[in-house]
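J.: Here is a sequence together with a model predicted from it:
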Amino acid sequence: MRKGTLKQILLITDGCSNKGEDPSATASLAYQQGITVNVIGILEDEQSEQPEGLKEVEDIALSGGGVSQLVYKQALSQTVQTVTKQAMTQTLQGFVNKELQQILGQDQSLEDLEPEKRGEIMEVVEDMGETCDLEVLVLVDTSASMHDKLPTVKEALIDLSISLNARIGRNRFAIFSFPGKRKDIQKVFDWSPALDSISTIFPKLTSGGITPTGPAIREAMYQFGKKSLLRSFRDEDEPGMEEA
C-alpha cells in the first residue's frame with residue numbers, strides 16, 4: 001500500500017504581519033487543504049517577555065493545526081527540528097484518532113484506550129512518522145528586522161535536512177521568502193530532497209520591507225498544488241514513476 005505524504009508549511013518570523021489578510025484565516029484554509037502550518041517566532045536576545053507581535057505566532061499555528069514555539073536565535077536549530085517532528089506526530093495522531101472513531105464510535109480517542117493498546121498504536125504512529133513521505137515548505141520572513149537572524153536560519157535549515165535524512169520516507173523541501181521583490185513571496189530554493197546546497201543561496205537574500213504573512217501563507221499553499229501538477233505531467237511521460 002502506498003504511504004501518504006505529510007505536507008507542512010514552516011513559517012519562521014520575528015514579528016507580526018502588517019499587510020494583507022489575517023494570517024490565522026489563511027493558515028486555517030491551508031489546514032483544510034491538508035497542509036499543517038507550523039510557526040517559529042524568533043525573540044531578540046534581550047527580550048524577557050513575549051512582545052505583542054509574537055502573540056500572532058500561536059494563533060497561526062493553532063488555526064493551521066500545527067505547532068508553535070518562541071525561541072531565542074541561538075536555540076533555533078534544535079527548535080526547527082523539534083517543531084517539525086512534533087507536528088508530524090500530531091498530524092499522524094489526529095489521523096489515527098479519526099480512524100479509531102470510525103471503528104469504535106465518535107466518543108473514542110487514543111487517550112481513552114487502555115495503556116497497552118495505546119502503546120501499540122503509538123508504535124504504529126512512530127513507524128508511520130519514519131516511513132511516510134514528508135514535504136516541508138519553509139517560509140522565511142525577510143523583513144528588515146530579520147537581517148541579522150538569517151545566517152542562523154540557514155544553519156538551522158541545513159541541520160533539519162540532515163536530521164530528517166535518517167528517515168526511511170522521502171523528504172522534499174522548498175524555501176520561499178517574504179516579502180518578495182514583486183510578489184508576496186519569492187522562491188529561494190525549489191523542491192529538492194536535501195537542503196545542503198542552500199549555503200550558496202542564503203547570502204543573496206535581501207531583507208527589508210513589510211510583513212505580508214497572510215498573503216505569504218496563501219501563496220505557499222498554492223506551491224504544493226503546482227508541484228503535484230508538474231509531477232503529474234512528468235508521470236504521464238514516465239509511467240514508472242511513483243505518485244507523491
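T.: Arrived safely, thanks for sending.

J.: The top helix by length along the chain - contacts with which helices or strands?
T.: If you go by DSSP state H, the chain has its longest helix at helix 76-104. Applying 3 or more Cβ pairs under 8 Å, 6 or more residues apart in numbering; DSSP states H and E, one finds that helix 76-104 makes contact with strand 5-13, strand 35-43, strand 65-72, helix 115-131, helix 150-164. Backbone N, C-alpha and C define where each C-beta goes, glycine included.

J.: Residue 94 touches residue 65, doesn't it?
T.: Yes - Residue 94 lies in contact with residue 65 (Cβ atoms under 8 Å); the separation is 7.5 Å.

J.: Show me which of those two is the more surrounded one.
T.: residue 65 (21 against 14; other Cβ atoms under 10 Å).

J.: Around the nearest residue to residue 22 once chain neighbours are set aside, how many other residues sit close by?
T.: Closest residue in space to residue 22, ignoring its immediate chain neighbours: residue 214 at 5.6 Å, by Cβ to Cβ, 6 or more residues apart in numbering. Counted by other Cβ under 10 Å, the residues lying close to residue 214 total 21.

J.: Give me the neighbour count for residue 101.
T.: Neighbour number of residue 101 under other Cβ under 10 Å is 13.

J.: try residue 77
T.: 19.

J.: Same check on residue 222?
T.: 12.

J.: Can you tell me the element it falls in?
T.: helix 213-237 (DSSP states H and E).

J.: I figured residue 25 hits residue 217, correct?
T.: No - counting by Cβ under 8 Å, residue 25 stays clear of residue 217, with 9.2 Å between them.
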